[in-house]
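**Q** what's the 3D shape of this:
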Amino acid sequence: MATFNRYKATSGTVFTANSTDVIIGILVCNTHATQTSECDITLASQDIVKNLRIPVGGSVELVQGKLVAESGDVLAIANVTNNVAVYASVLDSAS
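**A** Now for the predicted structure:
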């Protein structure tokens, strides 16, 4: 049975797909009080966004459609400058 899950990370792995999962949302937030933040987001080692700059108090929604993640695919955040939080909403076991 498919379930909805939310994942949060500030660096490294946000989540690893354990089946055919559907990413229905990725929100990247600047959590630093005074400086612009920057990061890279990848899925299965492929860039979703590179050098994403987020102003103080800002956020960016990266998925406005859906992304399919196959079993073992990793959604990850890297090259974080200042503080960033990534939230991913996932429909688990969609197949």
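**Q** so Val28 makes contact with Glu38?
**A** No - counting by Cβ atoms under 8 Å, Val28 sits too far from Glu38 to count as a contact (10.2 Å). Where you see a C-beta, it was placed from the backbone N, CA and C, and this is true even at glycine.
**Q** downstream of the helix or strand hosting Ile48, the next helix or strand is which one?
**A** Here Ile48, judged by DSSP states H and E, is contained in strand 46-54. Later in the chain than strand 46-54, the nearest helix or strand by DSSP H and E is strand 59-61.
**Q** low-confidence ranges in the protein?
**A** Along the chain, segments meeting pLDDT under 70 span 95.
**Q** quick one, helices of it?
**A** Counting by DSSP state H, one finds no helices in the chain.
**Q** all strands for it, in order.
**A** Shown for the chain, the strands assigned by DSSP state E span residues 3-9, 12-16, 21-30, 37-43, 46-54, 59-61, 67-69, 74-81, 84-92.
**Q** now render those strands as a markdown table, adding mean neighbour count.
**A** Putting the strands of the chain into a markdown table (neighbours: other Cβ atoms under 10 Å) gives the following:
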| stretch | mean neighbour count |
| --- | --- |
| strand 3-9 | 12 |
| strand 12-16 | 16 |
| strand 21-30 | 20 |
| strand 37-43 | 20 |
| strand 46-54 | 14 |
| strand 59-61 | 13 |
| strand 67-69 | 19 |
| strand 74-81 | 17 |
| strand 84-92 | 19 |
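**Q** this completes my enquiry, with thanks.
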